[in-house]
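> Curious how this folds, go ahead:
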Amino acid sequence: MIIDSEKVIAGGVNIELNQISQLDQNLLGRFLSKMTVHPALTRPLVSFQANKTRPIYRWYKYKEAFSASLVEYFLEKYQISEGTLLDPFAGSGTALFASSATGIDAVGIELLPIGQEIISTKKILESEFTPRDFDILQKWAQQRIWEKSAKKIELPELRITKGAYPETTKEAIEKYLAACEQENHRVKAVLRFALFCILESVSFTRKDGQYLRWDYRSGRSQGKKPFDKGPILSFEQAISEKIREIITDLSPVEQPSLFPTIKKPGEIFLYSGSSLEVLPKMPKESFDALITSPPYCNRYDYTRTYALELALLNTDEKGLLQLRQEMLSCTVENRAKDLLAINPLWTDAISAAGGQELLQAILDYLENQKALGNLNNTGIPRMVRGYFYEMACIIAVSASVLRSNSPLIMVNDNVRYAGASISVDLILSDIAENLGFSVENILVLPNGKGNSSQQMGEHGREALRKCVYVWRKR
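Modelled structure (predicted):
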């Protein structure tokens, strides 16, 4: 009898996927009473899109952010009106500034220098800027001060950012950087921030999740089909409009808000670094709420998508690699972290991930697919393993720093690899129940997320849940 090896392999794959599906259904049954399709949670609200027209929050397009309106919605829904809020993945600071506006103190942790820079500059504008400083900004927008500069500061570059700008734009940026040095530290910070806000729009690049995508005009476009990002703005137009936008948004015009500004704004404090390193050093039971959106398990490499900004912040090649490894494991280039070396008290967290049956079945399946040569990147199993074990540690230490009965609210996406749908929401919620939380709700967006073209081509389309988890510290 002749045995068709391809059918054997395919049959084995189907058996494994069926086992994963059955375990997934079992876990879904456990949490089904907690899951609610929530019509109010539109994709714009749970992403940066709702910030695009929102004064202040619209300045910098931080694509991975959720909206200020979402934070305000949850502060009201769960009656979070005082105390201190924590966001261990602060990004551009949306949760910090939205909660501060309601009188709540806010503490954030952020690894990427660009996120740190955005938050720092917004704090300067909020509490330190003077009317004279605003007059100087207006002068820059109207008179293009940098064009008169006889000096230049060489534009810092990384290997992956070389040739990112038209030559005339690069020269204008170098003059702009030199002219900034003549201003006081407050104005200088805001002018540099305005520059960060426009880098993508004046470059040959577009942020595209896993990497920077290059326009055909750069001469280094990727892939067989040339990519056209559309109009590339002139530096003069883009920077002048951005400075004017900042001035307009901060003019004393009353803006509509879900929360009337009655209370004194809460204090904002930011820790720079990895949550895995910083969180364990925070005092126990010191926070009244946690609202966050960690990196998703989706292969996005923020050190590449934000490479233009990181280069301008003088991150060198070694620093870029270090940032990539310090990030929560969400990209195939992340090496495995020695979690017990970071914190010897994480044995329970590691055991919770190690004992999660669905997760372990998925990891076994991915390792088998790797051995069979069926993965487009052999780093996927390591990334998925690292993501869940590291998230288990984040969940454990979050439970320790939250006060009893405090809510943890997290935005996250489910993912799919090699045909296996990974219910991040169910797995993390199960782990959370073993580490000090009760699952109050898993709020599901009305419309699921699609799959990559590769996943659909090989395994068919399957809508993936995008959810907001609401857990309570027991």
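> shaky segments in the stretch 151-300 of the chain?
Per-residue confidence for the stretch 151-300 of the chain (pLDDT under 70) gives these ranges: 221-224, 252-262.
> could you pull out the strands for it?
Using DSSP state E, counting those that start in this stretch, the strands of the stretch 151-300 of the chain run over 205-207, 212-214, 268-272, 289-292.
> how distant is the first one from the center of its chain?
Translated: strand 205-207. Using CA atoms, centre = their mean, to the nearest Å, the mean C-alpha position of strand 205-207 is found 16 Å from that of the whole chain.
> Could you do the second one as well?
Average the C-alpha atoms of strand 212-214, do the same for its chain, and the two points are 19 Å apart (CA atoms, centre = their mean).
> That strand - contacts with which helices or strands?
Where contact means 3 or more CB pairs under 8 Å, 6 or more residues apart in numbering; DSSP states H and E, strand 212-214 is packed against strand 205-207. From N, CA and C alone the C-beta is placed, and that goes for glycine too.
> Now do the strands in the stretch 351-474 of the chain.
Under the criterion DSSP E, counting those that start in this stretch, the stretch 351-474 of the chain contains strands at 407-413, 415-417, 420-422, 437-444, 466-473.
> Adding distance to Thr130 and mean neighbour count as columns, could you present these in a markdown table?
Listed next are these as a markdown table, based on distance: least, CB to CB, whole Å; neighbours: other CB atoms under 10 Å:
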| stretch | distance to Thr130 | mean neighbour count |
| --- | --- | --- |
| strand 407-413 | 37 | 22 |
| strand 415-417 | 47 | 21 |
| strand 420-422 | 51 | 22 |
| strand 437-444 | 43 | 20 |
| strand 466-473 | 40 | 24 |
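> Mind checking the ones you listed for the one nearest to Glu309?
Closest to Glu309 of these, according to CB to CB: strand 407-413, at 22.7 Å.
> How about the contacts made by the residue nearest the centre of the chain?
Centroid-nearest residue in the chain, with CA atoms, centre = their mean: Glu64, separated by 4.1 Å. Applying CB atoms under 8 Å, 6 or more residues apart in numbering to Glu64 gives the contacts 48, 91, 293, 295, 300, 302.
> can you pull out the helices in the stretch 351-474 of the chain?
Assigned by DSSP state H, counting those that start in this stretch, the helices in the stretch 351-474 of the chain fall at 357-371, 380-401, 424-433, 453-459.
> likewise the stretch 1-150 of the chain?
Going by DSSP H, counting those that start in this stretch, the stretch 1-150 of the chain shows helices at 5-31, 68-77, 94-100, 113-127, 131-143.
> which outside residues touch stretch 368-387?
Here stretch 368-387 has contacts from 9, 12-13, 16, 297, 299, 328-337, 362-363, 366-367, 417-418, 422, 454, using CB under 8 Å, 6+ apart.
> Now the host helix or strand of Leu340: buried residues?
Using DSSP states H and E, Leu340 maps to helix 339-342. The neighbour-count check on helix 339-342 (16 or more other CB atoms under 10 Å) flags Leu339 as buried.
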